[in-house]
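1. what follows is a predicted structure for the sequence shown.
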Amino acid sequence: MGHFVTSANIPVDGEKLTHPLVKTLKLVSAAVAVIGLGVGAFIWFGQEDEVVKGSYTYSYLFGFTFFLTLAIGGCFWTLLHNVSNSGWGTSVRRIFENLGFVFPFMFILMIPFFFPDFQKYLWEWLTIFNDVTAAEGVSRYAGTLTLFGAEVPHGGFYGTVGNSELHYGLMDKHEAILDTKSWYMNPVAWYIRAVFYFASLGFVIWHMRNLSVKQDTDPNPGVKNLFTARAHASWGLPIFGVALTFWAFDFVMALDYKWFSTMWGVYFFAGCAMSSMALIILTVITLRRLGYLKHVVSTEHFHLMGKLNFAFVVFWAYITFSQFFLYWYANVTEETSYYLLRNTEGWNIVSICLVFGHFALPMLGLIRQDVKKNMTYMTVMTIYLLTIHMVDVYHMIIPERAPSLSLILGLGDIQLWFGEFKSWGCDILGFITIGAAFVFFYLNNLTSVALYPHRDPRILESANVHN
Amino acid sequence: MSKSVKKVYGYLAEIETPSKLWKACEKCRDAGFKKWDAFSSFPVHGLDKAMGLKKSILPYLVFFGGLTGITTGFLLAYITQVQIYPTVVQAKPANIFTVAAFFPIMFELTILLSGFTTLFGLLGLMGLPRLNHPLFASKQFKRVTDDGLYIAIEARDPKFSPEATKAFLEEIGGYNIELVEDDE
């Protein structure tokens, strides 16, 4: 038993992250992000090779999705900590909040996806919609805008194809699946949703963080903000669930619009929760190495966070396997397509790697109690978990690239498999660009406020937590 | 009083509060006693450390229980479904890559055997079930399931002595100290 932490150990004005190394890293990451975006802009606008343009668009989505999962996970842990009325994590809660608050800023990086020039590489259904509306001579946003007006072949609500030209145009192209799904998958609804995800969950996490930050400067700190945060997290969580699930549907699952999985949102969430907890542990370890959080974070916190990380390693495996098992062995054509692509040829190696690397190895590696409290070990483990989660996101998005692009660009033979420079070169660029921007936003959040809520009524309870 | 020699179990001392129990346990641990125990009707956090208890070997037993389960599950499915009677379902191959189809049975048997090892290993390590315990001879010890907190030092302990141990228990805050003897 260490010594008991009392209010004498908590600085009155809180602990601020002012380490010179962090400032340097912030500048470097900003510079790298700007250079990366510049190179990306050159690929998109400065050269003519459509294959590289398309390839980089996939890489950009891959990088974006990976870092978005981390930010969304931060939102989840903040909301969960508040809604469950937890006391253990008050001393690390600000890290959750700061990680979650990267989420609204990610919207800036999402802007390229709003332009048809980039959409055409990723989401075929949007292209089909555009082609049909152009051929039929109706607006791209037809159907949705005449919702309450003209005839509605299918009946229904919210963005139903209320336009017979669009309906027959899609049927003429043998796109009956898209026609049936068009009440959900139409450009107007897509744009509204894309903005809604960031506006709603962005507001929730801003609000949560704001309540917590206000407490820091409150001259009469009480329980008001804490109780408000708990009450507001209860409606924040459904928004979180909807935003995460449908973002994953619209941006990742829709890469193959014929394919669908009701497990997709949960699968995506499992990855979010696992990887973000790994990043949170890594951040706390690094901050302690730099000399911060010394009084309020003990090995007990590492044990608790390690347990959550372990739990989500297992949860991820459970969900991922369930999705695979039901779809692969049920063998229904439109359901199996996702795994048909990923369980054949080279991608099968990645799939098998995920079974061992994303489940078996970290499960055995995190099962012991003492290793979760060992900071050197956990540094290696969390970096490993983030890497393997990157492979998981890669496995979600990139297998779609070679067949889709080859079809869209009419390349004949399928190109752009894993080993080509046009593939992995772009992937590295996309990953580093978004990663640098993410690091900048994250560090900016971390340095702008105190590192832990020093006036929270539960800070001493958390500092002395024992489990 | 009969003339037969009764077997002495050890000293039983009541302790007033959980925090005193905690401190008394630390002193017992530091005094070097080995055969002793603390009794409470509710969990006292950190008492295991104060008593100087070593970590249980149960996790290792459970690990090997689980390993047996996963191996049994794999062999059971693999030998019957791939080796002896290859079952071809929807043109999926019957070979080592079929193992994904066996995950549910491997998972279930891992859980089952881990669960059994946990339960029976725990009972075995605790020496349960048993018919009686020498401390039940003490009348005051009945309160242990209600509001009593106790420390008992066994006579089997190499450091046990009839006078010094009693004095020691008094010193660490024990009262109602009683020499517990086996029932006839």
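-> Here it is on my side, so go on.
2. can you give me the helices for chain B?
-> Applying DSSP state H to chain B gives helices spanning B:18-31, B:47-51, B:58-78, B:99-126, B:164-171.
3. could you check the angle helix B:18-31 makes with the last one?
-> I take that to be helix B:164-171. If you take axes from the mean of the first three to the mean of the last three C-alpha atoms, to 10 degrees, helix B:164-171 sits at 150 degrees to helix B:18-31.
4. low-confidence stretches in the chain?
-> No chain specified, so I'll use chain A. For chain A, applying pLDDT under 70 flags the ranges A:1-3, A:138-164, A:412-419.
5. meant chain B actually
-> Checking chain B against pLDDT under 70 turns up B:1-4, B:183-184.
6. show me the residue sitting in the middle of it in space.
-> Central residue of chain B (C-alpha atoms, centre = their mean): residue B:126, 3.9 Å from the mean position.
7. and for chain A?
-> Taking C-alpha atoms, centre = their mean, the centroid of chain A lies closest to residue A:69, which sits 2.0 Å from it.
8. what sits against it?
-> Residue A:69 is in contact with A:268, A:271-272, A:275-276, A:389, A:393, counting by C-beta atoms under 8 Å, 6 or more residues apart in numbering or on different chains. For every residue, glycine as well, the C-beta is placed using N, CA and C.
9. hmm, 10 Å instead?
-> For residue A:69, the contacting residues are A:244, A:248, A:268-276, A:279, A:389-390, A:392-393, A:396, by C-beta atoms under 10 Å, 6 or more residues apart in numbering or on different chains.
10. in stretch B:27-36, what counts as buried?
-> Buried residues in stretch B:27-36, counting neighbours by 16 or more other C-beta atoms under 10 Å in any protein chain shown, are found at B:27-29, B:33, B:36.
11. contacting residues around it?
-> Contacts for stretch B:27-36 (C-beta under 10 Å, 6+ apart): B:10-11, B:25, B:37-38, B:49-53, B:151-160, B:164-165, B:168-169, B:171-173.
12. what about that stretch, how long is it end to end?
-> 12 Å (C-alpha to C-alpha, to the nearest Å).
13. ditto for stretch B:8-23
-> For stretch B:8-23, the first-to-last residue distance is 26 Å (C-alpha to C-alpha).
14. now do it: distance to the chain's middle.
-> How far stretch B:8-23 lies from its chain's middle: 20 Å, per C-alpha atoms, centre = their mean, to the nearest Å.
15. and stretch B:57-76, by the same measure?
-> From the chain centre to the centre of stretch B:57-76 is a distance of 20 Å (C-alpha atoms, centre = their mean).
16. near chain B, which residues of chain A? Just list them.
-> A:1, A:317-318, A:321-322, A:324-325, A:328-331, A:336, A:343, A:348, A:351-352, A:355, A:364, A:367-370, A:466-467 (C-beta under 10 Å from any C-beta of the partner chain).
17. of these, grab the buried ones for PyMOL.
-> Remark: buried members of the residues of chain A next to chain B, expressed as a PyMOL selection using 16+ other C-beta under 10 Å:
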select buried, chain A and resi 317+321+324+328+336+343+351+355
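18. circling back to that earlier point, so what's the residue nearest to the centre of chain B up against?
-> B:56, B:58.
19. burial count for the nearest residue to residue B:170 once chain neighbours are set aside?
-> With C-beta to C-beta, 6 or more residues apart in numbering or on different chains as the criterion, residue B:170 has its nearest non-adjacent residue at 6.5 Å, and that residue is residue B:177. Other residues near residue B:177 come to 15 when the count uses other C-beta atoms under 10 Å in any protein chain shown.
20. residue B:177 reaches residue B:163, doesn't it?
-> No: the pair residue B:177 / residue B:163 is not scored as a contact, 11.7 Å apart, by C-beta atoms under 10 Å.
21. and the next element down the chain from the helix or strand that contains residue A:72?
-> In the assignment (DSSP states H and E), residue A:72 maps to helix A:50-83. Using DSSP H and E, the next helix or strand after helix A:50-83 towards the C-terminus is helix A:90-100.
22. got the angle between that next one and helix A:50-83?
-> Per the same axes, to 10 degrees, the angle that helix A:90-100 makes with helix A:50-83 is 150 degrees.
23. which helices and strands sit right next to whichever helix or strand comes after helix A:90-100?
-> Next helix or strand after helix A:90-100 toward the C-terminus (DSSP H and E): helix A:102-110. On a contact count with 3 or more C-beta pairs under 10 Å, 6 or more residues apart in numbering or on different chains; DSSP states H and E, helix A:102-110 meets helix A:50-83, helix A:187-216, helix A:224-251, helix A:421-448.
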